[in-house]
Structures are given as structure tokens and as C-alpha cells.
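Colleague: need a 3D model of the sequence below.
(4 chains)
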There are 2 protein chains.
Amino acid sequence: MARVTINDIAKYAEVGKSTVSRYFNGGYVKEETRNKIEKVCREYNYQPNYVAKSLKAKHSYQIGVITPSITSRTASRVLTALDEELRQSGYTPILINTNHNRNRELQSLDSFTRMNVEGVILLATEITKAHKELIQRMSVPVVILAQKMSGTVNVTFDDYHAGYDVGMKIGKTAKHPCLVMVSKYDKAVGVDRRKGILDGLAERKVKDIDIIETDFSFDTSRQAVQAYLAEHVPDAMICATDTIALAAFKEIHRKGYEIPKDISLISFGGYTVSQVLTPSLCTVKFDYELEGRTGADLILDMIMGKTAKSVRIGYEILEGESVK
Amino acid sequence: MARVTINDIAKYAEVGKSTVSRYFNGGYVKEETRNKIEKVCREYNYQPNYVAKSLKAKHSYQIGVITPSITSRTASRVLTALDEELRQSGYTPILINTNHNRNRELQSLDSFTRMNVEGVILLATEITKAHKELIQRMSVPVVILAQKMSGTVNVTFDDYHAGYDVGMKIGKTAKHPCLVMVSKYDKAVGVDRRKGILDGLAERKVKDIDIIETDFSFDTSRQAVQAYLAEHVPDAMICATDTIALAAFKEIHRKGYEIPKDISLISFGGYTVSQVLTPSLCTVKFDYELEGRTGADLILDMIMGKTAKSVRIGYEILEGESVK
DNA sequence: TTGAAAGCGGTACCAG
DNA sequence: CTGGTACCGCTTTCAA
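Modeller: Here you go, the predicted structure:
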């Protein structure tokens, strides 16, 4: 049962092991020799070992991908696209899911360089100083998705303007909107998106604004909205993500309000479920697949030695029946 | 920028490299020597390279995980739990997403053995002969989730009995139900679950049954249901998954029917969204987290040399308002 | 306690 | 074209 190695093959095929190596890497091998080797390899079911290979070889063709979660629609869409794009270029993505454990995120960055990956893609939520330090002195290229970090290459959405457009849209009819936002530690969603919304509302002269905070989970959001609605009656709710909007949707109905007659509802995400609800949810759609593909392309460029520039991706408002 | 290696450390710390190796692997090192090494390592920011290490070492502490998708709620829940459990035992899961590409599934099995992983967990949908052959002669232990395969260790749900219970439940009031199922290539969902439902309905003497087939995607399901409803009027729809039920939900409403007055709706999954709908969806909840954790425990046992036995996991019916 | 030396399974240079 | 040989970075005897 012992692993068969290149030495075994060389011995049985009666050739040097460098010849076997050449056989597998497209070097000069005479037709006849080639056949002998092929036969022996099949017989012994030999496959060169990647670990040994990447110890000496300059390429491992592996790219590390770090994600905070795979349970979110957002992350899974980005990852799937990323994956596909990387593979098409002959690279294998190695995924590490930190499950929102910040410490593991740092460790993983480290693990990857020890695994000889050729580049790392980080699906970020929050960038701390620790991240910055570590990333600055990484020996392989790094691309950051979803958040900006000076001095690095990143792929982000235009959260500010998406927020602004939503603010302007809601500001047309609402007098007393409530924003259901996430923590400011998430720069893109918690800060930029929020600022855009507030600026958009300001443009419409809307002043009477409530802001409540939750996290990205359905349950927490539901409790937050429930607590809020117990004491306030907004005429619109602007949610940071579709999952949060789903929670708001449920609670608004439970309170007996009607959407959009009593309360307009709008959010960011563009998930499939938003169409299933009645009334359908008005939401800002981001092209997560494009984000993933772009991240993959950038890291490949960097590996090739080209200089890559950060990219910003647009958005589209999916009109729904949930807004007056 | 060149990687600092164990040789560098040995040189700078003025000790043998075997001593440095011992330092990192809990061998005998005098206090004084230990301090010298520690200092130098910190100064040069040295971290032993995993690749080189696992070439010679008996353990790589890596476990390969193959999944057909990460976009499905089901898969992502299983994976997250799996991940967490494996890490707690000091193992690192390496995830490969085949994105429903059967060929890549086979390749990945192969890749993993070449990467020196210590075991492989396969989140399966369909098991072909090619799978069987490959798995039989894998040199590391393999655990299969979600599908049964003789001669291997697997973790499955009791799809048959879950189906049976649903059949019995719907059979109480329905005379003309429609099953929206998936292909029989998926043994667990397409065959067992279906058979359970039919047996349950038979027990209730329900004879007038329609069966339509779709895949696991929302869009395909929507089309399938739409086409079906154009020509038939069932009094209940039993869907293979919650995603399919979501599609049915939308189409039933579009046709102007009421749930559950005109048509009862029930499915399998237990996703969060099912609670958000109005009426809320009646669904069979499987404990995917338990499935993941169990898979992890089994593979760890096998790696330790213990013999592991296949496990079957129960289920729970979440009552909802979508059934009469 | 420590270090020299022999691998682990490949790659790559170089002389033949 | 081919094979010998020197590594890659680390682990593991084994003798000192």
C-alpha cells in the first residue's frame, strides 16, 4: 500500500528519474521511452506528489482564499465565481473559512504563505491594523475584496453612491425613515453605505431619521427591529442587507403594518428571495459574480508580475413593490 | 525578500538545524538554547514551511473536503459545522468546490491524495461507478456525507421516513397532490425521499398523484411549476427542497391560488426563509450541523485507526401554516 | 542535549 | 535525448 514514487517508476521503466520527471513536465522524451514510462505509470497507478513537487518547483498553482463565512449568499456567490475563474487559468483555490473568527483570519494569512500558495485573496469585512501589518509584509501578492485598504489592490462596490441613490429614492416620499445598519467596523457596509444614504436623504431635506444597529444575522435583526417598532412608527425602513430586510419584513407584518402603504422597505443585496416576497422587495443589486471574477483576474495578473490596479464595481436598483 | 529557512535560523542562532527542528516539535532543547532560537526566530520572523514539513512528517493535519456547491444553504451549513469541528481537533480542512462538475469531483479526490491530506470528506449528490472505484483504492480514509455507498463510511439522513411522514401528513387531506422532485441520480433526495412520500400517501389511499421533476435551482423549479400549473390543479404540492418550494410558492400565488386553502405546500430543508413567508412554510428540518460534525468526528476516528461506523441522522417536522 | 547525515519525492542543470 | 547529481526545507535516526 506504500505510495509509489518517481523512483519506483524510474526503476521499473528502467530509465533515470529525471527522465520520468521530464515525461510529466513536457520535456524531451523519445517516443519509445515515453511509451515505457506511460505503461509503468498506468500499471502502478502513479501520480506525482504535489507536495514534493512544490517544494522545488517555482509554481504551486495554488491560491489561498480567505472568507469570513460561506453561509451568506453574498460570500458564496463571490466564491463560486472566483473559483471558476481561477481554475480556468489552471490555478487551484484553497479555501479557508474563518467563520467570522478574526484571529483565524490572521492565522490563515500566515498559513497560506507557509503552504507555498502563489497569492492570497481576502474576502474582508473589517480591516484592522494587525491586518495591515501582516499584509504589508506578505511575500506573495494579496487582493482584498469588499473593503478598501491603502497600498493594496482591492475590489469594492460603489457603496457610497448606491446608498446615495437609495437615500434620494426614499427621500422622495418618506418623512421619517429608519435605517437598519450594521457596525461601523465594516467600512463598506457600515460606513460608506450609511453615509451615502444619509447624504441622499439630506439632499431631499429629510431630517427626522432614526438609526438602529444590528449584525448580519436574521435573528439578531429581527429582535432589533421588533424592539424598535415597539416604540416607533417610521414610514420607511432602509436595511443594510437583504437578510436584514427579510427580518424587518416579518416584523412589520407582525405589527400589522402594510408594505408599502404604511412603511416602505428597501435594502441592498439583490438576492433571489426578494422576488418571492409579496410585495416583492426593492433592493440594490450588486454583481457579486463580477466581484469574484475580477478578484481572480487581479491576483493572476499580480502573479504574472504585472501591476494591478484596484477596481470599483457598479450596481443596479431592482425596482420592487415594497416602496411607495 | 527570500524566504528565511531553518538553515538560516540555525546559522544565526549558532546551533544545528536539527535543534531548531526539535525546538519547534517539542523535543529536548536546553533552556538557554531555546532562548537563543526563540530570539532569532522572532527577529527574522521565521515560520516553518508546511510543504517541506509534510514531505517528511507523518502528519499533515490537513483534511480534504469536497463539496458540489457552496451556494446552497444545505451545503454551507454542513461545511461550516464540519470546519469548526475539524479545527478544534487541530486539523485544517481544505475545501474544494466542484460547482456540480462531476469530473472535477473525481479529480479532486485524486488531487487530495497527492496533496498528502490525511483523509477526505465527500459531500455527495450522486455516486457513480467511477466514484466507487476511485474511493475503494484511495490510500487515505474517506467519509461520504448525504449518500450511502456500500463498503464505505457515510452519514445520511433518514430520507425515507421523513418522506413517509410527509406523505402521511398530506394524505390526510389531499386527494390530488403533486410531487416536485429531483432526478433519481440523487439517491437520497431523488429516490429515498420520493419513495417515502409515495409510501406514505399510499398508506392514506391517495392514488391520484402527479410527479414532476426539476433540479435544485430556483429558476428551473419555477419554470417547471409554472408549466405544470398551466395544465393541472393539484390540492397539494410536496417539494423536494425548500428552494423548490419557494419557487412553487411564487407560482401558486401568481396563478391566483391560495395557500393552504386551494393548495397545501410542504417541503424538506428547514431554512430560515420558510418562517418569513406568509403563510409560513411547513418543512422537514434536518440537522445539517450535526451531519457536518458527525462527518468530522468519523474521519478523525478513522485517521486515528479506529473503525468507524456509518451514522443515520433523524429529522423534525416544522409545522407551518402552509398545510391544511 | 546536540548536530551530522540520510532521506522525503520531486525538479533542474549539465555533461555525455 | 538521457541520467547523474545537487538541491528544496524539514524531520528523524544515531552517535557523540
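
Colleague: when you work out contacts or count neighbours from here on, use the C-alpha atoms and nothing else.
Modeller: Will do.

Colleague: tell me the domain boundaries of chain A?
Modeller: Following automatic domain parsing, chain A resolves into domains at A:1-48, A:159-287.

Colleague: chain B contacts on the stretch 1-150 of chain A?
Modeller: Contact residues, the stretch 1-150 of chain A versus chain B (C-alpha under 8 Å from any C-alpha of the partner chain): A:1, A:47-52, A:54-55, A:69-71, A:73, A:76-77, A:80, A:83, A:93-97, A:99, A:114-116, A:139.

Colleague: now, the residues you listed that are in strands?
Modeller: A:93-97 (DSSP state E).

Colleague: ok, which pair from those residues is furthest apart?
Modeller: Using C-alpha to C-alpha, these reach their maximum pairwise distance at A:93 and A:97, which is 12.5 Å.

Colleague: more crowded one of those two?
Modeller: Shown here are residue A:93 and residue A:97; by other C-alpha atoms under 10 Å in any protein chain shown, residue A:93 has more neighbours (28 against 24).

Colleague: does DNA strand D sit close to stretch A:33-44?
Modeller: Yes: using C-alpha under 7 Å from any atom of the strand, stretch A:33-44 comes into contact with DNA strand D via A:33-34.

Colleague: deepest-packed of the domains of chain A, please.
Modeller: Scoring the domains of chain A by mean neighbour count under mean count of other C-alpha atoms under 10 Å in any protein chain shown gives domain A:159-287 as the most buried, with a mean of 20.

Colleague: does it reach chain B?
Modeller: Yes: against chain B, domain A:159-287 shows contacts by C-alpha under 8 Å from any C-alpha at A:246-247, A:249-250, A:276-277.

Colleague: out of those residues, flag the one nearest to residue B:205.
Modeller: residue A:276 (33.7 Å).

Colleague: nearest spatial neighbour of that closest one, skipping sequence neighbours?
Modeller: Distance criterion C-alpha to C-alpha, 6 or more residues apart in numbering or on different chains; nearest residue to residue A:276, sequence neighbours excluded, is residue B:250 at 5.7 Å.

Colleague: run the chain-centre distance for the helix or strand harbouring that neighbour.
Modeller: Using DSSP states H and E, residue B:250 sits within helix B:242-254. The chain centre lies 24 Å from the centre of helix B:242-254; the measure is C-alpha atoms, centre = their mean, to the nearest Å.

Colleague: please save the CA atoms from it in CSV.
Modeller: The C-alpha trace of helix B:242-254 is given here as CSV (Å, rounded to 0.1, in the frame of the first residue of the first chain):
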residue,chain,number,x,y,z
ASP,B,242,-37.2,24.5,0.4
THR,B,243,-35.7,26.3,-2.6
ILE,B,244,-38.1,24.4,-4.9
ALA,B,245,-40.9,25.2,-2.5
LEU,B,246,-40.1,28.9,-2.7
ALA,B,247,-40.4,28.7,-6.5
ALA,B,248,-43.7,26.8,-6.1
PHE,B,249,-44.9,29.4,-3.6
LYS,B,250,-44.4,32.2,-6.1
GLU,B,251,-46.0,30.4,-8.9
ILE,B,252,-49.0,29.3,-6.9
HIS,B,253,-49.7,32.9,-6.0
ARG,B,254,-49.2,34.1,-9.5
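
Colleague: elements contacting that helix?
Modeller: Applying 3 or more C-alpha pairs under 8 Å, 6 or more residues apart in numbering or on different chains; DSSP states H and E, we find helix B:242-254 packed against helix A:273-276, helix B:218-231, strand B:236-239, strand B:264-269.

Colleague: residues contacting that helix, please?
Modeller: With contacts defined as C-alpha atoms under 8 Å, 6 or more residues apart in numbering or on different chains, helix B:242-254 is touched by A:276-277, B:180, B:216-219, B:221-222, B:225-226, B:229, B:237-239, B:258-259, B:265-271, B:274, B:283.

Colleague: ok, and the closest non-adjacent residue to the closest residue to DNA strand D within chain A?
Modeller: Proximity to DNA strand D, evaluated over chain A using C-alpha to the nearest atom of the strand, is greatest for residue A:29 at 3.0 Å. When the adjacent residues along the chain are set aside, residue A:29 lies closest to residue A:23, with 6.3 Å between them (C-alpha to C-alpha, 6+ apart).

Colleague: and for residue A:104?
Modeller: That would be residue A:98: by C-alpha to C-alpha, 6+ apart, it lies 5.6 Å from residue A:104.

Colleague: residue A:52 too?
Modeller: Excluding its sequence neighbours, the residue lying closest to residue A:52 (C-alpha to C-alpha, 6+ apart) is residue B:55, at 6.1 Å.

Colleague: does that neighbour touch residue A:54 like I think?
Modeller: No: using C-alpha atoms under 8 Å, residue B:55 makes no contact with residue A:54, being 10.2 Å away.

Colleague: thinking again about what came up before, adding distance to residue A:16 and pLDDT, write the ones in strands among the residues of the stretch 1-150 of chain A next to chain B out as CSV.
Modeller: Below are these laid out as CSV (distance: C-alpha to C-alpha, whole Å; pLDDT from 0 to 100):
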residue, distance to residue A:16, pLDDT
A:93, 33, 92
A:94, 34, 90
A:95, 37, 91
A:96, 39, 90
A:97, 43, 89
